[in-house]
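Novice: turn this into a model:
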Amino acid sequence: MGPRRVLVTGCSSGIGLAVAARLAKDELRRFEVVATMRDLRKRGPLEKAAGDSLNKTLEIKQLDACCEASIRECVNSLPDRRISLQAHNDIGYSAVTVNNAGVGMIGPLECQSIDAMKNLFDTNFFGLARLVKELLPDMKRRQSGHIVVMSSVMGIQGAFVCVREIAEEERTTLVEPGPVVTEFERKVLEDAEKMDLSGTDEETAKIFREVYLPYSKKIFSSLGQTPEEQTIKVITAKEPPLRHQTNRLYMPMTALKHADPTGRLPLDTFYKMIFKHDSVFNATLGVLRMLQRGAGKK
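Specialist: From the prediction side, this is the model:
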């Protein structure tokens, strides 16, 4: 079988450059790499790292994650818009895109401009969203795909500089509520029910309408807290915590994420609860609701 085509963004330096060059030099020649970068004038280091694989198993293209037209032009330039050439069940998913393009920021918050922070999100968050929006419909049609996102462990363990040496009474607390019964949630669900789903495929639309929305309503009605329960404890605490999860009934669900760093455990658990054991899931929500009411009477 021929090689798989892999699209990698942010290849002018760093992880993107290293990943693209390594895949292109694969001894088994399993990959054909489309290495992209915003500014092609910075292609020199990648060309050097690619060596003999340049223009053989590695092709360099322009792609600006902040520009939908640039993304579409790059994807349209590929034969049949395919990220992959053919399926390879022996080595994983046939379609692979590595979302690596990103910028960093470090320093005191008050020293950062809002424009600089907007630019960071435009690349790191919205850039990913733009690329996935362009590729996802094709992946769905072909029933194959693997979206690899370069993130950071800091997404799990954020870095906060302790300010106690500067001012003893300064604190930061992240309040992490579960479902909260407010007008906000009601309006979000109402808007979702009226949402125009013509932009997605029918299977996704059906799952959203018939599975996601009904179960979201059940979870909110069963586990939802009142708004005033969210911040009282942290405001009155003598030693405010950095993180505070307000809903103890929701904690078993969040604990699944911390129990398995790969993320497989929570995904498998939720899938089985909703699609294979929905009656058990509904019964569990009923029990949790009773516990919630019982706790409120104490």
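
Novice: outline the domain layout of this protein.
Specialist: Following the assignment in the TED database, the chain carries domains at 4-249, 260-297.

Novice: of these, which stretch is the most buried?
Specialist: Greatest average neighbour count among these goes to domain 4-249 (a mean of 15), per mean count of other C-beta atoms under 10 Å. Every C-beta, even on glycine, is put in place using the N, C-alpha and C of the backbone.

Novice: gap between it and the chain center?
Specialist: From the chain centre to the centre of domain 4-249 is a distance of 4 Å (C-alpha atoms, centre = their mean, to the nearest Å).

Novice: quick one: end-to-end length of it, please.
Specialist: 45 Å (C-alpha to C-alpha, to the nearest Å).

Novice: give me the mean pLDDT for it.
Specialist: In this model, domain 4-249 has a mean pLDDT of 82.

Novice: give me the most central residue, this protein.
Specialist: Nearest to the mean C-alpha position of the chain, counting by C-alpha atoms, centre = their mean, stands V149 at 7.5 Å.

Novice: which residues are in contact with that one?
Specialist: Listed by C-beta atoms under 8 Å, 6 or more residues apart in numbering, the contact set of V149 reads N99, L128.

Novice: any idea how far it is from T9?
Specialist: As defined by C-beta to C-beta, to the nearest Å, V149 lies at a distance of 10 Å from T9.

Novice: over to K187?
Specialist: 36 Å.

Novice: do A205 as well
Specialist: 29 Å.

Novice: and the strands in the stretch 51-200 of the chain?
Specialist: 58-62, 96-99, 146-149, 174-176 (DSSP state E, counting those that start in this stretch).

Novice: helices or strands up against the second one?
Specialist: This means strand 96-99. The contact analysis (3 or more C-beta pairs under 8 Å, 6 or more residues apart in numbering; DSSP states H and E) places strand 96-99 against strand 4-8, helix 126-142, strand 146-149.

Novice: how about the last one?
Specialist: Using 3+ C-beta pairs under 8 Å, 6+ apart as the contact test, the elements touching strand 174-176 are strand 243-245.
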